[in-house]
Structures are given as C-alpha cells and as structure tokens.
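Asker: my questions concern the predicted model and sequence given below.
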Protein chains: 2
Amino acid sequence: MKIICTQENLNKGLNLVSNIANKNSNLLILNNVLLRADKDGLILITTDLEVGIKAFVRSKIEDPGAFTVDAKLLNNFIGLLPKENIELFLQDNDLSIKNKNQQTTIKGLEAEDFPLIPEIEKENELIISSSDLKKSLGQVITAASTDSSRIEINAVNFCFKKDQLILAATDSYRLAEKIIKITNGQEANLIIPLKTLQELLKILNEEEEQKVKVYFKENQILFTFNSVELVSRVIDGKYPDYSQIIPESFATSAKCDLNKLVPAIKAVALFCKQGINDIRLSFDEHTQEIIVATASSNTGKSVARVSAKVDGNNNEVVFNYRYLLDGLNHIKTSDVILQINNNSSPGLLKPTDSQNYIYLVMPIRQ
Amino acid sequence: MKIICTQENLNKGLNLVSNIANKNSNLLILNNVLLRADKDGLILITTDLEVGIKAFVRSKIEDPGAFTVDAKLLNNFIGLLPKENIELFLQDNDLSIKNKNQQTTIKGLEAEDFPLIPEIEKENELIISSSDLKKSLGQVITAASTDSSRIEINAVNFCFKKDQLILAATDSYRLAEKIIKITNGQEANLIIPLKTLQELLKILNEEEEQKVKVYFKENQILFTFNSVELVSRVIDGKYPDYSQIIPESFATSAKCDLNKLVPAIKAVALFCKQGINDIRLSFDEHTQEIIVATASSNTGKSVARVSAKVDGNNNEVVFNYRYLLDGLNHIKTSDVILQINNNSSPGLLKPTDSQNYIYLVMPIRQ
C-alpha cells in the first residue's frame, strides 16, 4: 500500500469518520479506521457494527492495499501536520506517514479482521436537501428517548409517503413531528436509531450544502453525500401510534414573542425545587398575558407576565420547564403558538409560519 | 432597604463578585452575596474568607439597609431579566425583586451574620496598567503549583522593588519569572495565593483597560479598579530562593518559529506512552534543526524536524511535553529562544523581544 494525498483532504475525511470509532467496545478493531487504497482512490471506513461510515479521499494510489490504525490517534495526528503532501505506506507491518519534515510509524491491525460494511444497491433514490434534513432532524431528535433499553423510541420514525417524509420522535413525555416535502417517495416506515442520526447530523454540520441521496431496504438505510456514505441498521419493531394522542382541538390558544417567553421561563425556573422542574403557565384572555410562575420552591418564588394574543378560555397547566424549553428552542419563527386543553391533555407548540412542525408536551398533574 | 438600579449595572456587578461565592463551604452564608445599600450607593460583597470582593453598583438608594442571598441564584436570575430598571427591597424577611412584568422573592440570610472584609488603608499606592498585569499574571501562574497543601508555592511571589515588580511561580518542575516596570515601589516580598490571582484574572478579563491600584500591608493586599476592590490574605512563609537554579550560561541555544515548533511537539506527543509525557529534543548545530521525537511509546513513534538557528554544541534533552507547551503558550513573539545545558540542568524558554520573561523546565533524566 502506498498513498499520496494532501493533509487537508485526509484531515477532512478523518474528521468525518473518526467519531464513531473509539467508542467503548470489546472488539479492539472497532477503535480503528480502515484505510483501503484501490483503483477508486483512498476510502476511510469506520463502524460500530450499527452504523458504518465511508469517506472518499482524493489521492494518488501508487500501490493498492489496506490497513487499520487507531482512528482517533490518526485523526489527531494528521490534524497537527502542516498543509503539505503526505505519503502513507506500510513498513514492517506498521503504517508509515511521511511529509517533508516528519516521519512517523503507527502500529495497527490487519485489514482482513475489519468488519464488513453492508452494501445497499443504489436504486430508487430519494433526494433531500442537506439543509432541510439538518434542520428537521434537529427539530425532532430533541424529543427522542435517550434510554437505550427502549430501542423503538431511542430512535426517530421515518414514515415515507409519495410526496412527504414524516419524521417523529418521542420519549413518552413529549413528541415532535416534522413533515418534509419530497418527490417520488415510496411508501415505507423505518425506525432509525438515534445514534445513527446524531452521526448524520455531525456530517451534515461539516459538509457544505448539497443534495443528500437516501436509499433503503428492509433493514438498512443509506445516506450518501458527495464524498461520504453513512449506512445504518433499521430497528426491527413497531413505532408507537402517536397520532391518537395529538388533540384535535384546544380550549385555549396563545401567540407570543419567543424572545420574551424563553427568558421568562428560564428566570422563573431558577426557583424550582431541586429535582422538580414544574412551572405553571396561566393563559389570561382578559389581560392578554401568559403568566409564568414557580409551581413549588424552597428558595423563593417568581412570577413573570408575558404579553400574548390569547384566544379561548382562561386556562392553566403545569409543565416540566426543560421539556418546554427543548421545544421552544426548535421554533424558528419570532413568535410561537401555544395551545392547551387542561392538566391531563398534552399542550402543543408550533411555529407561526407553517403547519409542518409540532411539539407536544405532557402536562404534570398536580 | 430599597434600591433602584438598571439590570445592566446590577448584572455586571454580580458577574464580578459571584464566582468566589458558591464554593464548597461549611459556612452557608459564604454562598451568599451581601447587598449593602447606604449613602454611597449599592455595594455587592462576597468572600471565601481568603479573598473578598466588593463591587460598586450605580443605583438610587431610597432606603438604606443590607441583606444576603445566594450569589449564584441572584446572578443567574438578574442575567435573565430584560434591560429595564429593577427595584430591590425587603419584604417579610425576603428579598423582593420587581421590574415591569416580573415579581420575585428570594429567601436569604441576615447581613449581620456575613463575615467582615478586612480594610486596608489606601496609602502608598502602586499603579499598574490592567493589560500589563493581566498578561504578566497569565505568564507566571501557569507554573504555580496547584497542590493546595504546599501553600507557599500554590501561589505567586510578588517581589516589589523601587522600579520593578518581579513575579515568580514554580511547582518545582518548572519556574516562570516576569519583571514588570513600576515607579515609586516600596521594597517588599509578598506571597499571594494562586486562588486570589485566578479571581483577579477573571476581573481583569471582564473589566476594560484601566489603571489598577495596589496597596498592601504585612498580611493583606488590595487591588482596586474603577468599581471593584479585591482584598486577599498574603501567605505567611518564605518563598523558595529560586535564583540559584537559573543557569548562568547554556551550552546550546536555538531560535525557532513557535508556529512550527508547537504543532511538531503536539504531533509527536500523541505517541507518548500513557501516563508518561517524555519527548526528546535534539539540537543539531550542523543541520540547524531541533529534532523532536517520541522518547518512549507503545502505539508508534514519530520524529519531526524543525528548522532553527542553533548555536553551541550538538545537544539533547528529554522534557515533559506538557510543561514545555505550557511555557511556549505564553511566549508572545513569533519566534522562541530555547537554551539547554544537559539532562540534569533546567532548560530555558524566552521570547525574542525582551529579557523580562523566562520559563524554566526541569529535564527528565532517562
């Protein structure tokens, strides 16, 4: 194996793939990145057996071959090299890295011991703009369960229809749903692990704006960019039927300025009793205000009035303020719409610009 | 007590004093900030019994008085309020805080239980520019011991002379010394706790450029800014006589580009054996290079050649790379001068622009 490439290209590729390696694993080789040099160029591959990532690095292959070394070590090392050409080659079963003034050898493991990454045929592609996908994933994963023992909801549900993709996530305390317009969709329902989507978001944040191509078969999904491919297993299970918990109507609705509501909630929440995150929201149709108040405290109490356009009954409800802030954080319009029924029915947040994002929070019964 | 002030002024004052409150302490009131409103205005005071900080807040005092509340809570809360006038007053033994749309009460403790902050007469003042003090303290505290059981060196030595102030710090593995020009100094030697200087640096970072006035008596030192005063105890002890360990001459001297040397050291250091931070620096007079190499490793090995102007004997020495980087990080010129004798005598780093900063590192005997 002998490869020549620039520091910039190799560094970019390693940044994209290194994150999922180096997780705690009993299988030592999963800490490593596979460098595979063949007629197509240099491919960097990492996997945690659930997600696999390939990055293509522009390079000159003088001698094909493959080898694996610690991904984090190689990434950190290449990141510190000057912007010069780099030579990578095998010497005495170690990886040698050479540039103008530096000469380094890294111990590694044989490429043949590296797990295979599943291949998906690139048929029936679906195209989504990377900025749409990034924004939408950010909006829904905030509600996904982080409990890895609840595999179906430690995930996001991807429901593909002919002209839309519906993303949904819940941890049973809140639910986020986002609809993205697509064309040429094939009907399918896939539950994608949260970890996969967190990796995908990292790649979306590092890559420039582009069209992302999505392919899937029953138990695998593939996202492809210009120079990166991410393949992941799909969870075998049934996503909870959440549509039934979305209220069809609300007794009270309010519209208010996010930049006034969010600091008011944060200020009042400072007085929550430790470990209890309850705050009370009262909607006053008469004064046209939402009144945010501490629900229980031992350090003091706080009340903030936020002017709002309130329609419907005077009404109040107690929420976990963290769940409320998670949702408000993903509303991208200057005003937010809040809708409630009573203290046993979920409240709803949505932006003012369209109907394609909703965030539901379960109230806390007092 | 009744005080009216702006959110901006109160927020700024609380930011300056809150950090030293809320440290782990058995004395509950040390978590609090003392608000003292009298004819001079509002003064905020915090202390950990070693350091005391006072901040003066422009305000209208409608009724004098004093009270204490949790400093971190108050600081976080005021930081979240809109930029409006705020009223603070006592009601039913709680602190009430009111602005246009918010009403909050915070439980607190009586002012009379708050420890007294020592007063120092403002005589024989010494004036230092805040930017000089900030830069100089940053350069020396990096070498101070962080072991709080070694009180004399968990500190910086301030040696005042007629026309200079010599700051020195060491943890016995490295030593930093910085000389600041002053006028009208009185001869004195004061050992100032590291914690005090870390607080002082935080204030220097938040305050705008100004003249800092310094006053001291035997066991106390006072730093005053426009609107802040920091008073600290001085350590009662003798600072190690470090001048004897600074070599009078060096066998080898080299000058090289910091932006080439630092990444080379970091890259080579990635291959250090875990827990062992040794790297070898070889000075080659013939090739005019410093050769940086891993001294011991089990993940691989790395060699980087950095071009340098080398004078004197070919020579080599092993350093702890962390100590080396700490020193290089505080050299503010584009080139650095490195000087060594052998593997049992300290090496020296200094900037190229003046003789007023030196950083010594003990080598590691192999």
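Answerer: Noted; the coordinates are in hand. Residues are numbered from 1 along each chain as shown, chains lettered A, B, ... in the order given.
Asker: which residues of the stretch 1-150 of chain A fall in helices?
Answerer: For the stretch 1-150 of chain A, the helices identified by DSSP state H, counting those that start in this stretch occupy A:7-17, A:71-79, A:130-141, in order along the chain.
Asker: mind listing what's buried in the first one?
Answerer: I take that to be helix A:7-17. Buried residues in helix A:7-17, counted by 16 or more other Cβ atoms under 10 Å in any protein chain shown: A:7, A:9-17. All C-beta spots, glycine's among them, are computed from the backbone N, C-alpha and C.
Asker: contacting residues around the host helix or strand of A:Gln339?
Answerer: Assigning secondary structure by DSSP states H and E places A:Gln339 in strand A:335-340. The list of residues contacting strand A:335-340 from outside it, by Cβ atoms under 8 Å, 6 or more residues apart in numbering or on different chains, reads A:247, A:250-258, A:261, A:281, A:283, A:290, A:315, A:317, A:328, A:347-352, A:363.
Asker: give me the domain ranges for chain A.
Answerer: Structural domains of chain A, as assigned by automatic domain parsing, span the residue ranges A:2-113, A:126-243, A:247-361.
Asker: end to end on the longest one, go ahead and measure it.
Answerer: Going back to what we said before, that points to domain A:126-243. 25 Å (Cα to Cα, to the nearest Å).
Asker: could you do the shortest one as well?
Answerer: Here the two ends of domain A:2-113 are set 20 Å apart, with distance taken as Cα to Cα.
Asker: ok, stretch A:17-29 next?
Answerer: Start to finish, the residues bounding stretch A:17-29 are 14 Å apart (Cα to Cα).
Asker: pull the residues that contact it.
Answerer: Here stretch A:17-29 makes contact (Cβ under 8 Å, 6+ apart) with A:30-33, A:44-49, A:51, A:53-55, A:68, A:70-72, A:74-75, A:109, A:113-115, A:199, A:202, A:228.
Asker: ok, 6 Å please
Answerer: If you take Cβ atoms under 6 Å, 6 or more residues apart in numbering or on different chains as the criterion, stretch A:17-29 is touched by A:31, A:33, A:44, A:46, A:48, A:51, A:53, A:55, A:71-72, A:75, A:109, A:113-114, A:199.
Asker: mind checking which of the residues you listed land in strands?
Answerer: In strands, defined here by DSSP state E, the members of these are A:33, A:44, A:46, A:51, A:53, A:55, A:109.
Asker: which other helices and strands contact the longest strand belonging to chain A?
Answerer: Counting residues, the longest strand found in chain A (DSSP E) is strand A:300-312. Strand A:300-312 makes packing contacts with strand A:252-257, helix A:258-269, strand A:289-294, strand B:102-109 when contacts are defined by 3 or more Cβ pairs under 6 Å, 6 or more residues apart in numbering or on different chains; DSSP states H and E.
Asker: try it again at 10 Å.
Answerer: When contacts are defined as 3 or more Cβ pairs under 10 Å, 6 or more residues apart in numbering or on different chains; DSSP states H and E, strand A:300-312 packs onto strand A:252-257, helix A:258-269, strand A:278-284, strand A:289-294, strand A:335-340, helix B:71-79, strand B:94-98, strand B:102-109.
Asker: just to revisit the earlier point, export the buried residues of helix A:7-17 to JSON lines and tack on distance to B:Ile97 and pLDDT?
Answerer: Listed next are the buried residues of helix A:7-17 as JSON lines, based on distance: Cβ to Cβ, whole Å; pLDDT from 0 to 100:
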{"residue": "A:Gln7", "distance to B:Ile97": "55", "pLDDT": "98"}
{"residue": "A:Asn9", "distance to B:Ile97": "56", "pLDDT": "97"}
{"residue": "A:Leu10", "distance to B:Ile97": "56", "pLDDT": "98"}
{"residue": "A:Asn11", "distance to B:Ile97": "51", "pLDDT": "98"}
{"residue": "A:Lys12", "distance to B:Ile97": "51", "pLDDT": "96"}
{"residue": "A:Gly13", "distance to B:Ile97": "54", "pLDDT": "97"}
{"residue": "A:Leu14", "distance to B:Ile97": "52", "pLDDT": "97"}
{"residue": "A:Asn15", "distance to B:Ile97": "47", "pLDDT": "96"}
{"residue": "A:Leu16", "distance to B:Ile97": "49", "pLDDT": "95"}
{"residue": "A:Val17", "distance to B:Ile97": "51", "pLDDT": "96"}
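Asker: check those and tell me the two furthest apart.
Answerer: Greatest spacing in the buried residues of helix A:7-17, by Cβ to Cβ: A:Gln7 and A:Val17 (16.2 Å).
Asker: so among the contacts of stretch A:17-29, which ones count as buried?
Answerer: A:31, A:33, A:44, A:46, A:48, A:51, A:53, A:55, A:71-72, A:75, A:109, A:114, A:199.
Asker: wait, which of the buried residues of helix A:7-17 is closest to chain B?
Answerer: Distance ranking of the buried residues of helix A:7-17 against chain B, using Cβ to the nearest Cβ, places A:Gln7 first at 11.1 Å.
Asker: I'd guessed the closest one sits against A:Glu84; true?
Answerer: Yes - A:Gln7 sits in contact with A:Glu84 when judged by Cβ atoms under 10 Å, with a separation of 6.0 Å.
Asker: what sits in contact with each of the two?
Answerer: A:Asn99 (Cβ atoms under 10 Å, 6 or more residues apart in numbering or on different chains).
Asker: so how far does stretch A:19-29 reach from one end to the other?
Answerer: Start to finish, the residues bounding stretch A:19-29 are 14 Å apart (Cα to Cα).
Asker: buried ones in it, by neighbour count?
Answerer: By neighbour count on 16+ other Cβ under 10 Å, the buried set for stretch A:19-29 is A:19-22, A:29.
Asker: where is pLDDT lowest across those residues?
Answerer: Scanning the buried residues of stretch A:19-29 for pLDDT, the low point is A:Asn22. It has 70.
Asker: nearest spatial neighbour of A:Asp326, chain-adjacent residues omitted?
Answerer: Setting aside the residues directly before and after it, A:Asp326 is nearest to A:Thr142 in space (Cβ to Cβ, 6 or more residues apart in numbering or on different chains), at 4.8 Å.
Asker: now do A:Ile276
Answerer: A:Ser296 (6.1 Å).
Asker: repeat that for A:Gln210.
Answerer: With Cβ to Cβ, 6+ apart, the residue lying closest to A:Gln210 is A:Ser130, at 5.3 Å.
Asker: check contacts around that neighbour.
Answerer: For A:Ser130, the contacting residues are A:200, A:203-205, A:207-212, A:223, A:225-226, taking Cβ under 10 Å, 6+ apart as the criterion.
Asker: now intersect those residues with the strands, please.
Answerer: Per DSSP E, strands hold the following members of these: A:211-212, A:223.
Asker: TSV for these, including neighbour count?
Answerer: Output for the ones in strands among the contacts of A:Ser130, formatted as TSV (neighbours: other Cβ atoms under 10 Å in any protein chain shown):
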residue	neighbour count
A:Lys211	13
A:Val212	24
A:Phe223	25
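Asker: ok, those residues vs A:Ile153, which is closest?
Answerer: Distances from A:Ile153 to those, taken as Cβ to Cβ, are shortest for A:Phe223 (21.3 Å).
Asker: A:Lys107 and A:Leu90 touch, don't they?
Answerer: No - applying Cβ under 10 Å as the test, A:Lys107 and A:Leu90 come out as separate, 11.7 Å apart.
Asker: now the common contact residues for those two.
Answerer: Shared between the contact lists of A:Lys107 and A:Leu90 (criterion: Cβ under 10 Å, 6+ apart) there are no residues.
Asker: about what we covered before: separate out the buried members of the contacts of strand A:335-340.
Answerer: Applying a neighbour-count criterion of 16+ other Cβ under 10 Å, the buried members of the contacts of strand A:335-340 are A:250-254, A:256, A:258, A:261, A:281, A:283, A:290, A:315, A:317, A:328, A:347-351, A:363.
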